[in-house]
Each structure stands twice: as structure tokens, then as C-alpha cells.
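Engineer: coords below, sequence missing:
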């Protein structure tokens, strides 16, 4: 049974909740708790333990009643707080673009947001149907908005939803804006939700926004570029398929062979355990279809289509998905070959290969903190990526990760290689011959108790290894910040042939170590197979030594 103070909060929530489903669910939990159901008591206590933390990624949590879950009250408070912050920044009355994915209640959360912003005196523009996140990021500048909001949980589990905010330049927020917005949300949450001003006076936008996005995206492919390519596509039960199909047709590529079971939006994501192309088994249906149809390439988007992954056939191995770093090196190498001007950038947890390639080509390079909230802000960004399959191929229009323009860029590159009798595997070999083998991987530990992560990071800070695989390493505690990087809870270890970054995950209860083993260009050019075998051996050793240093199981 819950405490009297918590009971008061629960009853107040039930009285204020405008959503009959969550209202009824909380009433059921309260009745079950009163009857002695310990699980119901735990659920209530968890949901009311504290409000969701509004960070640089906005909000993301499981759906359900209470301040610690995603629901209409929490979303309305977030909208009111963001509106108040924008007013304080001098953007009162401006246009605000609001989009949403196909997850449960995303449309309701988007409508609540539009009504709250209209009530605060802004000019909300609400998408009249679900759209990929990159379309909204594009539309902010295209429509002259002061901000944008996407209701999406991206590739999180089906039970989750989220709330992502952008500024008028199309970029995500960074500190201290997140803390300032959180303060405004707290002020909004101190009032009954019914007292937040609302209005239904908002505009709707439909296909014209998608048309504008697809026209610009298709323009990334030169008229003279080869376009003959056979490929399989999966939208992973998300909202990418319709826009990808339109953009691909506008760019002149052949239509994909779609994975039918994953083509249409479905918030239950029935064919995958986790709707993330990176997860084991997530693209198995696409790989099976590729083998049946003898295509050149598989391309997958995550559910809101801001991430992109590919799989390709490799000699002696067969079909396999590329790592995020492999695809990042392919796209970065392609941009360098095309002499795309500007700075090349990747996150600190990604491979060091892009920096090596940029230096060799005389191009500027920047390393940023994790996330496109930092990568997208690199001035004059030529190409940027993060290892978690996020790629920015058109920063002028979408200074964020964009799985649709990444898809078009990959199709163009693969078609160009095919026209020369080459493959994706051939280009990766060429990069390795030129710049050396760079093999990356992770040590990822999921925990129930977050104290395990704090203890592991403290252990590493107190006694970091002086060597990895017998090689001396320099240790940087990024919590102190550097000349290039703002402070972050991470530790970096760098040697001549190894690179490691250990950090808590920003979105999951995980401790992550991002590992890289390198073999030099001379050895790689002499015997590429042996170099890759050696790098893989090194990676296993680094993983074991870091597990020991952190006091966790590899």
C-alpha cells in the first residue's frame, strides 16, 4: 500500500488527467495496491518517484500515468515550458513546426503540443500525418520557424514514446538550454494542467512539406550519376517507407524490393524484439529477402528514419550488416573523393578513421561529444556521423542525422561502384589498404542498479590502466572538459594502435566502452586479411582488459 502523501498525488493526477486511458490505468493500479498487490505499489511508486528529466535529447520514457512516464499531462507541461523558454529568448509569436511518428499516442501528444503553443501566442504548424524526423528538421528552416518539435521515441522499445525539440536553425538543443527549459517545465508543472492556456487555432501542413523535402534530397544526386542498383529496403515498422519511396523516385533510382512485413507503420513492432537495425535479428527478414532476390544492397531505416544501416555481400562471408563506423568511413571517403568543402566531424566514441582520412586529404576535422546535438553544430559541416548509424549528408538543409538522405547517398555510391564493376566490399578494402585497418566494437553492460555504472566509472577514474595490450595509453578524464570538448562523464584512453572511450549510456541503463584496434597502412596493404585478423584479435584483448579495469563481465 502506498503512503498517504503519494495517495494524495495519485488522486490529484487522476482528477486532472485528460486521457481516459491513463486515468483508468492509474485508478486500477491504486485499487490493486490497496488490495495488497506489491507490483502495483511498485509501479505507482516508480511512476511518481520524480518527473522525467528534460535533457538535450528532450524526453523519452515508457507510456503510462504519472510524472515519470510519457502521457498527455507530461507532454502538455513540456510544451508549456518550451514555449515559455522560447518567449524568454525573444521568439514570442513565432512559427513552431510540430511533427510526430506512428507510435502509440504520438498524434495526441502532437495535437496537445499544438494547442499549448497556440494558447501561448505562437503560430503552431502541425503535420496532418505522421512524418520522419528529418522532414521536420528540414521544415523548420524551410518554413521560417523559431523551433520544431517531434513526438518520437526513435528506435526505443514499443512501450516508449518521446519528445524531441529543435531550435530555429534546425539544430538540437545543448546545455545550458536544456536546464533552462527544464526549469520552465517545472514551473508549468506546478499548475493544474487545465490551467495551461490552450487554443485550437493552429495550422495544418501536409504533403507539401514532404514534397519540398524530397525535392531537395533528390538534388543531392547529380544528373550524370549512375542509377542502376538492385536493393531491398525495410522501414522497420516505422514512418520512413512512404517518404523514402518518393525521394528515391525523385532521384531517379529504381524502386526497392520492400520487406512487406515491416513496410507499414505499426507501433507494436511485431517482427522485431527491438526496432533498431543495430539489434541482432532486426534485419534478418531483409537479409533473407536479399538472398532470395539477388540484389546488390540492403538498406534499413529505424522507425523515425533519422538513422540508416546497410548490409552487403562480402567474399567468403556472405551477407552482413556494416558497422556504423564502416558506413561512416564509406560516406566520409565518398565526400572527400567528391571534394565536398567544409569540416568533417564525428563523435568521440566513433572510429578515428575519418580523422585520418580527412588529414590525408588536407580537410579540416572535428571531434565532438556524443550525439548530433553536437555534430550538427560544427560550423561549415561537410559530413558528420556517429557510430550509432547516424549520418549527416546535407547539413545545409538538415543539420542533424538523416536516414533518408543517407539512403540516397548510399544508393548513388553503390550504383557508381557497380558501374565500375566494383562493390561496397571492394571500396572498404581500398580504404583499408590506404589508411590501415580500423576495427571497432563495444563492451556494453546493461544493469538494473545504476550504482553499478557509477562504481565502475569511479573505479576506472581511480585506477586507469597504464597500458592496453602492453601498449602505453594516455588517459583523459573528459569530465574535466578539454580545449575541444565540453565536460562529459567519459574517460578516453588512447595509444598508437588502440582507442577506448568509456561512458554511461545517455538513453539506456548501460555502461558502454567504445573500442578500436588499428593496424597500420603498410601492414594492411601487404596482407589485408592478416591485418584484419590481427585487429580482431586485438579488439578481443582490449575488451577483456577494459572489463577487468571496470570490474564488470565482458
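Structural biologist: The structure has been received and is ready for your questions. Just so it is clear, the model here is predicted, and its values are computed rather than measured.
Engineer: enumerate every residue touching the residue nearest to residue 83 when sequence neighbours are not counted.
Structural biologist: Distance criterion Cβ to Cβ, 6 or more residues apart in numbering; nearest residue to residue 83, sequence neighbours excluded, is residue 120 at 4.0 Å. In short, each C-beta sits where N, CA and C put it, glycine included. Contact analysis of residue 120 by Cβ atoms under 8 Å, 6 or more residues apart in numbering lists 80, 83-84, 87, 197.
Engineer: same check on residue 532?
Structural biologist: Contact analysis of residue 532 by Cβ under 8 Å, 6+ apart lists 432, 437, 439, 519.
Engineer: now do the strands in the stretch 251-400 of the chain.
Structural biologist: Taking DSSP state E, counting those that start in this stretch, the strands of the stretch 251-400 of the chain run over residues 257-258, 297-301, 308-314, 318-321, 343-347, 365-368, 381-386, 390-392.
Engineer: in a markdown table: the ones you listed, plus mean pLDDT.
Structural biologist: Shown next, in a markdown table, are the strands of the stretch 251-400 of the chain (pLDDT from 0 to 100):
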| stretch | mean pLDDT |
| --- | --- |
| strand 257-258 | 98 |
| strand 297-301 | 98 |
| strand 308-314 | 98 |
| strand 318-321 | 96 |
| strand 343-347 | 98 |
| strand 365-368 | 97 |
| strand 381-386 | 98 |
| strand 390-392 | 98 |
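Engineer: need these in CSV (columns: distance to residue 72 and mean neighbour count).
Structural biologist: Shown next, in CSV, are the strands of the stretch 251-400 of the chain (distance: least, Cβ to Cβ, whole Å; neighbours: other Cβ atoms under 10 Å):
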stretch, distance to residue 72, mean neighbour count
strand 257-258, 34, 18
strand 297-301, 28, 28
strand 308-314, 32, 23
strand 318-321, 38, 15
strand 343-347, 34, 25
strand 365-368, 35, 20
strand 381-386, 32, 26
strand 390-392, 30, 27
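Engineer: let me know the closest of the contacts of residue 532 to residue 228.
Structural biologist: residue 432 (26.6 Å; Cβ to Cβ).
Engineer: which strand or helix spans that closest one?
Structural biologist: helix 424-435 (DSSP states H and E).
Engineer: list the contacts of that helix.
Structural biologist: So helix 424-435 is contacted by 297, 310, 312-315, 322, 326, 329-330, 333, 353, 356-357, 360, 413-414, 417, 438, 521, 524-525, 528, 531-532 (Cβ under 8 Å, 6+ apart).
Engineer: so how far is that helix off the chain centroid?
Structural biologist: Centre-to-centre, helix 424-435 and its host chain are 27 Å apart (Cα atoms, centre = their mean, to the nearest Å).
Engineer: which parts of it are buried?
Structural biologist: 424-425, 427-429, 431-432, 435 (16 or more other Cβ atoms under 10 Å).
Engineer: any idea which helix or strand comes after that helix?
Structural biologist: Counting by DSSP H and E, what follows helix 424-435 is strand 437-446.
Engineer: returning to what we had before: now, of the contacts of residue 120, which are buried?
Structural biologist: For those, a neighbour count by 16+ other Cβ under 10 Å gives the buried set as 80, 83-84, 87.
Engineer: tell me which of these fall in helices.
Structural biologist: 80, 83-84, 87 (DSSP state H).
Engineer: in JSON lines: the contacts of residue 532, plus pLDDT and distance to residue 552.
Structural biologist: Output for those, formatted as JSON lines (pLDDT from 0 to 100; distance: Cβ to Cβ, whole Å):
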{"residue": "432", "pLDDT": "98", "distance to residue 552": "31"}
{"residue": "437", "pLDDT": "98", "distance to residue 552": "27"}
{"residue": "439", "pLDDT": "98", "distance to residue 552": "22"}
{"residue": "519", "pLDDT": "98", "distance to residue 552": "27"}
